[in-house]
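Asks: Coordinates for the following, if possible.
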Amino acid sequence: ALASKSRYLDAMLSTRTMHREEPTITFPDITLATWEKLMHFLDSPVAARDMSAKDARDLALFYDKYEFLEGRKLCDAILVDYFKNIGMKEKKLKLDLDLTIDLVNVSHQANLKAAFQEGITYIWKKLLSTSVPYGKMMFEERHLVILVPLLKYFIDIKIWFFI
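Replies: Residues are numbered from 1 along each chain as shown. As a prediction, the model looks like this:
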């Protein structure tokens, strides 16, 4: 069952079964609670509908690292939705900028291409905007330290795409 969900696990189990009768695979970087959450969203379509942006942030890197492709797609979709609806948070003055930047960063690290594109485009527009309170002045130095490499990557990709 696990091998069907993860190319990484499929390869590990295929290789290890040749050498041992009872293969053991450990994940030292994943707690039991995180593992249960990873599987919960993969095993239940109903649960997947309840995944939050914070859940996606917490799980995306593991889904990517261990090649749970459906989990990665789910996180990508959840974060794209978050970024597309971020304007509603602004209108209610409830935008969590730290979370938003964290989500853009995780999207990049976990290869969530659509979410990264949507999130970094939002950030780019805000950096060019003079709106108050949600314009370029909303960013602090600590935000920019995280964002500069992401923006550079985004610009490099855009330039390459148009060449």
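Asks: Now the element after the helix or strand harbouring S14, going C-ward?
Replies: According to DSSP states H and E, S14 maps onto helix 7-19. Using DSSP H and E, the helix or strand that follows helix 7-19 towards the C-terminus is helix 32-43.
Asks: ranges for the helices of this structure?
Replies: With DSSP state H as the criterion, the chain has helices at 2-5, 7-19, 32-43, 45-49, 53-65, 69-84, 86-91, 97-109, 113-128, 141-162.
Asks: Against N85, how distant is the residue nearest to G119 when sequence neighbours are not counted?
Replies: Ranked by Cβ to Cβ, 6 or more residues apart in numbering and with sequence neighbours excluded, the top spatial neighbour of G119 is V104, at 3.8 Å. Where C-beta positions appear, they are placed from N, C-alpha and C, glycine not excepted. Distance of V104 to N85, computed by Cβ to Cβ, to the nearest Å: 15 Å.
Asks: ditto for L95
Replies: 11 Å.
Asks: Much appreciated, bye for now.
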